[in-house]
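Peer 1: Predicted model, plus sequence, below.
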There are 2 protein chains.
Amino acid sequence: MTTPTVQFALDRLPVPAHLLDQDAHDPLAHKRQEFMLPGGVIYLDGNSLGALSRRVTERLTRVTTQEWGQALIGSWTAGAAQGQDWMGLPDRVAAKLARLIGAHPDEVAVGDSTSVNTFKALAAALATAHPGRRVILTDQDNFPTDLYVAQGLIGLLGERYELRRVPADDVAAHLNSEVAAVLLTQVDYRTGRCLDLAAVSAAAHAAGALTVWDLAHSAGAFPVELNAAGADFAVGCGYKYLNGGPGAPAFLFAARRHHAAPVALSGWMGHADPFEMARDFQPAPGARRFVTGTPMVLSLSALDAALDVFEDVDLQALRTKSLALTDTFIALLDPVSERLGLTLVTPRDQARRGSQVSYRHPDARAVMAELIAAGIVGDFRTPDILRFGFTPLYHSFADVSRAAQGVQAVLEAYA
Amino acid sequence: MTTPTVQFALDRLPVPAHLLDQDAHDPLAHKRQEFMLPGGVIYLDGNSLGALSRRVTERLTRVTTQEWGQALIGSWTAGAAQGQDWMGLPDRVAAKLARLIGAHPDEVAVGDSTSVNTFKALAAALATAHPGRRVILTDQDNFPTDLYVAQGLIGLLGERYELRRVPADDVAAHLNSEVAAVLLTQVDYRTGRCLDLAAVSAAAHAAGALTVWDLAHSAGAFPVELNAAGADFAVGCGYKYLNGGPGAPAFLFAARRHHAAPVALSGWMGHADPFEMARDFQPAPGARRFVTGTPMVLSLSALDAALDVFEDVDLQALRTKSLALTDTFIALLDPVSERLGLTLVTPRDQARRGSQVSYRHPDARAVMAELIAAGIVGDFRTPDILRFGFTPLYHSFADVSRAAQGVQAVLEAYA
């Protein structure tokens, strides 16, 4: 446990009038009350684990004590007409997700981890790509599990494929007739750099390659327009900006034109009629075929309830507020960052920024431990990144102001 | 909704003295109070979805409101020394499972669905088998998802492999130099027929093949001795006899001699150092390498708590009671089964029986609907199976007596 060098009551730090005014006019301000945030803390790590909403606790109590405890096996099918059956749960969650990522409901499959979905999507992409193409092109700084999954799949396929790793900004330059699929995370988990979905997808298509997008730091952070961008496949995470709970089920997107792709992880819940108990796999219509085993109902119900928080949220308003939050944080630290050893690595260009702000600092690991001890919960990412995630649903401009003051105070004491 | 043709208060049906006496001397009788069973129902479907235990509701409340809601991201690592960190949760659950299946803790990986684990185990087995062997030998009546997973894997591997489906009792006769792996479910989900793990494994090994066992209806139902049987790989289900909740995480067993097998679904949680964020997959020691993505903490915590119910349970006593329960049910229905159109399909031989009793009946689907309406919750399995699962942890001999009386009453009225 780090003993804080700086101790202060975060919620008593003064906030400039113009930021209080922004809070007063924030169209999303009312959403904060739906979350159960811990006291004495400014939680800037919702891009690692989103916060708990009240709807989730209520739903988990109901699904556990009533649906499981009392109705037991009947809950798999009971209430199907009212959209309450567990069998239909993956599809209902898929429909809620579809709006957030610019997809049709039948293009989304929900369940399993992001890693497992990446395997499914990449396998489908390789099977769909021109058979002569043997390269998976990726960002050398992609989130590690994406790289590991690609390595595992290549190992399984007998080394016929190559994982080619290049800097994200050089991907376009490396597109050629060898490339079967481009595997990219839209928002870099360390820097917060956001790629242009449409531009990269168009470049990939122009070169005859398919796209597999990892939306881990995109979905729920800002509107994603998969179909408008011409994306082929995508995966995403349920426990970051979607607030679905630790290790929440992830999702897979497959554009309608790819629904005939082979299903590598073919399980009974992706079968056209699971309880027919047929001996041969007959895929369900649409992306449901990419659902594999029995849904993890407890975790999936939490995600389902968490998504209801987005129901009345205008996604453009979400993006507008997100950019205002990150702009404000950057502006507040700009005057002192050089003196405090902070180097901004998140793009200042709004179009290239996700919903986080990251700085390099030579002692980032120790500094983040100090910050957390002082109640400002961000994240350290190896080797030297201080990462602060901003969540428009539950952060205020007052939070941003106090967090910036706290960062400054800790670094002044630390320097 | 089926209108019951027979209505009775199940808990007022008389029970013969010798069965009440068995309950009075049942060393596992005290376990029943740990479960929250619905009233007015005899639940004989724990082999489809196990019942809710009090520990699970308490644990879910704590993990949701405190660990997630208050401690948030800190819960991934906090309390590691006391065995409370989420990062260590898969390994702690693996250790609890190991005792139930006759394995070492480092031979068990927990997470994902049974289907996904079957994919992992089968891929590892094929990669480990002699490269000239191209046949996966299986039971033609295996649980469908096992067949589908094998089909998907074969499709991915480019049709170099063949799924050969034969009657379960003929597997030994089909073992030859073409067989790479034998994929079998120990207890048939319809008939309750239990295969001899050791004998089949020995026959497979003698023929140079590896074994992949599906323990869906074994784990938690009776002691499984994987290492004593020489098993190579196995998978199992968390939501049947283990009572982990709907869609609970499943598990994978890999014998120590196979820990160098390639990991097909290689994700960051199977990496030797996940937060090092290395660019290449370096497998964790032991079976942990087969864990793929971020654990679904809510569902996994429920399973963890459910397994604590087994902590003081003698597994031989569990088996003894299980056989006594199924013996009793069969004996009570024997005198009337022919007249009522019931044909026992579960082996009378105890060594070949799991923890369920199944009958064929020409109108099984309609009959089961009637039974459920009358409060006797078993399962219909296509095409004509009435299935009754017995769970030694929460069933009494009085339950068995009343269930048999109920089945008789419904069928008398139905016939």
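Peer 2: Arrived safely. Numbering: from 1, shown residues only, chains lettered A, B, ... in the order given.

Peer 1: can you list the weak-confidence ranges in chain A?
Peer 2: For chain A, residues meeting the criterion pLDDT under 70 lie at A:1-6, A:415.

Peer 1: pull the longest strand from it.
Peer 2: For chain A, the strand with the greatest residue count under DSSP state E is strand A:179-185.

Peer 1: Contacts made by the helix or strand just after it with the rest, please.
Peer 2: Along the chain past strand A:179-185, the next helix or strand (assigned with DSSP states H and E) turns out to be helix A:197-206. For helix A:197-206, the external contacting residues (Cβ atoms under 8 Å, 6 or more residues apart in numbering or on different chains) are A:171-172, A:175, A:179, A:182, A:184, A:186, A:210-211, A:213, A:224-226, A:228-232. C-betas here are computed from N, CA, C, even on glycine.

Peer 1: Could you list which of those residues belong to strands?
Peer 2: Under the assignment DSSP E, the contacts of helix A:197-206 contribute A:179, A:182, A:184, A:210-211, A:213 to strands.

Peer 1: And the buried ones among the contacts of helix A:197-206, selectable in ChimeraX?
Peer 2: This is the ChimeraX syntax for the buried subset of the contacts of helix A:197-206, where burial follows 16 or more other Cβ atoms under 10 Å in any protein chain shown:
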select /A:171,172,175,179,182,184,186,210,211,213,224,226,229,230,231,232
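
Peer 1: ok, how many other residues are close to residue A:83?
Peer 2: 11 (other Cβ atoms under 10 Å in any protein chain shown).

Peer 1: Please apply the same query to residue A:24.
Peer 2: Residues lying near residue A:24 (other Cβ under 10 Å) number 10.

Peer 1: picking up where we left off before, counting contacts, what elements does the longest strand of chain A pack onto?
Peer 2: helix A:114-128, strand A:135-139, helix A:144-156, helix A:197-206, strand A:210-214 (3 or more Cβ pairs under 8 Å, 6 or more residues apart in numbering or on different chains; DSSP states H and E).

Peer 1: give me that answer again for 10 Å
Peer 2: Helices and strands in packing contact with strand A:179-185 are listed as helix A:114-128, strand A:135-139, helix A:144-156, strand A:162-166, helix A:197-206, strand A:210-214, strand A:233-236; criterion 3 or more Cβ pairs under 10 Å, 6 or more residues apart in numbering or on different chains; DSSP states H and E.

Peer 1: What residue in the stretch 151-300 of chain A comes nearest to chain B?
Peer 2: Closest approach of the stretch 151-300 of chain A to chain B (Cβ to the nearest Cβ) occurs at residue A:293, with a separation of 2.4 Å.

Peer 1: What number of residues are in the vicinity of that residue?
Peer 2: As a burial measure, residue A:293 scores 26 neighbours (other Cβ under 10 Å).

Peer 1: shouldn't it be in contact with residue A:111?
Peer 2: Yes - here residue A:293 lies in contact with residue A:111, judged by Cβ atoms under 10 Å, at a distance of 7.6 Å.

Peer 1: Overlap in contacts, those two.
Peer 2: Both residue A:293 and residue A:111 are contacted by A:267, A:269-270, B:112-113, B:116, B:247, under the criterion Cβ atoms under 10 Å, 6 or more residues apart in numbering or on different chains.

Peer 1: who wins for neighbours among those residues?
Peer 2: In terms of neighbours by other Cβ under 10 Å, those top out with residue B:112 at 33 neighbours.

Peer 1: Which stretches in chain A count as strands?
Peer 2: A:42-43, A:108-110, A:135-139, A:162-166, A:179-185, A:210-214, A:233-236, A:251-254, A:343-344, A:356-360, A:376-377, A:379-381, A:385-389.

Peer 1: Distance to residue B:49 for these - can I get that in CSV?
Peer 2: What follows is the strands of chain A, written out as CSV (distance: least, Cβ to Cβ, whole Å):
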stretch, distance to residue B:49
strand A:42-43, 36
strand A:108-110, 20
strand A:135-139, 40
strand A:162-166, 41
strand A:179-185, 37
strand A:210-214, 33
strand A:233-236, 29
strand A:251-254, 25
strand A:343-344, 52
strand A:356-360, 40
strand A:376-377, 38
strand A:379-381, 38
strand A:385-389, 37
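
Peer 1: contacts for stretch A:331-342?
Peer 2: When contacts are defined by Cβ under 10 Å, 6+ apart, stretch A:331-342 is touched by residues A:16, A:19, A:330, A:343-344, A:348, A:357-364, A:367, A:386, A:388, A:400-401, A:403-405, A:407-408, A:410-412, A:414-415.

Peer 1: from those, which ones fall inside helices?
Peer 2: Those of the contacts of stretch A:331-342 mapping onto helices are A:19, A:330, A:364, A:367, A:400-401, A:403-405, A:407-408, A:410-412, A:414, per DSSP state H.

Peer 1: Report the two of these separated the most.
Peer 2: Farthest pair in the ones in helices among the contacts of stretch A:331-342 (Cβ to Cβ) is A:19 and A:364. Separation: 26.6 Å.

Peer 1: More neighbours: which of these two?
Peer 2: Counted by other Cβ under 10 Å, residue A:19 and residue A:364 do not tie: residue A:364 has more neighbours, with 22 against 19.

Peer 1: so that one makes contact with residue A:411?
Peer 2: No - contact criterion Cβ under 10 Å: residue A:364 and residue A:411 do not qualify, at 11.1 Å.

Peer 1: who touches both of these two?
Peer 2: Common contacts of residue A:364 and residue A:411 (Cβ under 10 Å, 6+ apart): A:341-342, A:386.

Peer 1: now the residues you listed in a markdown table, with distance to residue A:39 and neighbour count?
Peer 2: Formatted as a markdown table, those follow (distance: Cβ to Cβ, whole Å; neighbours: other Cβ atoms under 10 Å in any protein chain shown):
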| residue | distance to residue A:39 | neighbour count |
| --- | --- | --- |
| A:341 | 30 | 16 |
| A:342 | 28 | 21 |
| A:386 | 23 | 25 |
